[in-house]
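K.L.:
Pasted the sequence and its predicted model underneath.
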Amino acid sequence: MPRKPRPKPKGVFCLEGDWSYKIHKASSVEPILTLLSKWDPYYVPYIHRDIATREELEYYLLRWTRKSLTRYPILYLAFHGDSERLLFGDVRYSRNTVTLDDVAGVLEGRCQGRIIYFASCSTLKLHGNLIRRFLKRTGALAVCGYRKEVDWLDATAFELMVFGAMQRGSLTARGARAMERRIHRHAAYLARRLEFRMVVRS
């Protein structure tokens, strides 16, 4: 009997901020990426970079859009957050706040066939029209994230299941909607608890 062809994995490009101001604490989402990279039959490739400044964030966002990194179509932004914003470093300073408009400005027109995951508290607590504007500006296939402040461990466990669902769908509008249905079917409790939201570009 012929062996089934190995599915083509969708790599994850992760940018992660500090979770604590205490330098000796080293919480990280990277272990779930390591687990995905060992998951038969997908063996999901990933790139992980720590981000401490706005300049680093903008630099790596642009790196992600290069043609040489098309095998990493999922952007995973693991930061503290607030409505429409990512936060990092000392949040008393405005330079350590990045808005969705800022991200869209960097990624404008560069994200066809890609998915952006805002793994940050409350970042998608905003009107759907603003999310659709973000999708239109960037050209991204879909954006997802949370509408409330979330527990770090609950969210991290949930994100593992989300990335699993993403491996099983195509990078088309139809495929992305199938991913969303799978997420709500297989992780319904956490999706509701975390107020998870996924918006697919029309």
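P.N.:
Alright, I've got the coordinates. Numbers count the residues shown, from 1 in each chain.

K.L.:
number of nearby residues for residue 106?
P.N.:
17 (other CB atoms under 10 Å). (Each C-beta comes from the backbone N, C-alpha and C, glycine too.)

K.L.:
which SS class is residue 121?
P.N.:
The assignment at residue 121 comes out as coil when based on DSSP: H, G, I helix; E, B strand; the rest coil.

K.L.:
show me the contacts for residue 104.
P.N.:
When contacts are counted by CB atoms under 8 Å, 6 or more residues apart in numbering, residue 104 is found next to 133, 134, 137, 138.

K.L.:
Give me the buried positions along the helix or strand hosting residue 48.
P.N.:
Assigned by DSSP states H and E, residue 48 belongs to strand 46-50. Neighbour counts over strand 46-50 (16 or more other CB atoms under 10 Å) mark 46, 47, 48 as buried.

K.L.:
for those residues, which one is nearest residue 120?
P.N.:
residue 48 (16.1 Å; CB to CB).

K.L.:
Could you report the distance from that closest one to residue 196?
P.N.:
From residue 48 across to residue 196, the span is 22 Å (CB to CB, to the nearest Å).

K.L.:
Equivalent analysis for residue 117, please.
P.N.:
Computed as CB to CB, the residue 117 to residue 196 distance reads 10 Å.

K.L.:
more neighbours, those two?
P.N.:
residue 196 (24 against 21).

K.L.:
What sits closest to the more buried one if chain neighbours are left out?
P.N.:
In space, and not counting its chain neighbours, residue 196 is closest to residue 146: 6.1 Å by CB to CB, 6 or more residues apart in numbering.

K.L.:
That neighbour contacts residue 122, doesn't it?
P.N.:
Yes: between residue 146 and residue 122 there is a contact under CB atoms under 8 Å: 6.4 Å.

K.L.:
so what's the residue nearest in space to the middle of the chain up against?
P.N.:
Most central residue of the chain, judged by C-alpha distance to the mean C-alpha position with CA atoms, centre = their mean, is residue 117 at 2.1 Å. Contacts here follow CB under 8 Å, 6+ apart; on that basis residue 117 touches 74, 75, 76, 77, 143, 144, 145, 159, 162.

K.L.:
Try it again at 7 Å.
P.N.:
By CB atoms under 7 Å, 6 or more residues apart in numbering, residue 117 lies in contact with 74, 75, 76, 77, 144, 145.

K.L.:
Parallel or antiparallel, which strands does the host helix or strand of it pair with?
P.N.:
Using DSSP H and E, residue 117 maps to strand 115-119. Strand 115-119 has the following strand partners under DSSP bridges: strand 74-78 (parallel), strand 142-146 (parallel).

K.L.:
Same list (those strands) but as JSON lines, adding mean neighbour count, mean pLDDT and distance to residue 57.
P.N.:
Formatted as JSON lines, the strands paired with strand 115-119 follow (neighbours: other CB atoms under 10 Å; pLDDT from 0 to 100; distance: least, CB to CB, whole Å):
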{"stretch": "strand 74-78", "mean neighbour count": "24", "mean pLDDT": "98", "distance to residue 57": "9"}
{"stretch": "strand 142-146", "mean neighbour count": "24", "mean pLDDT": "98", "distance to residue 57": "16"}
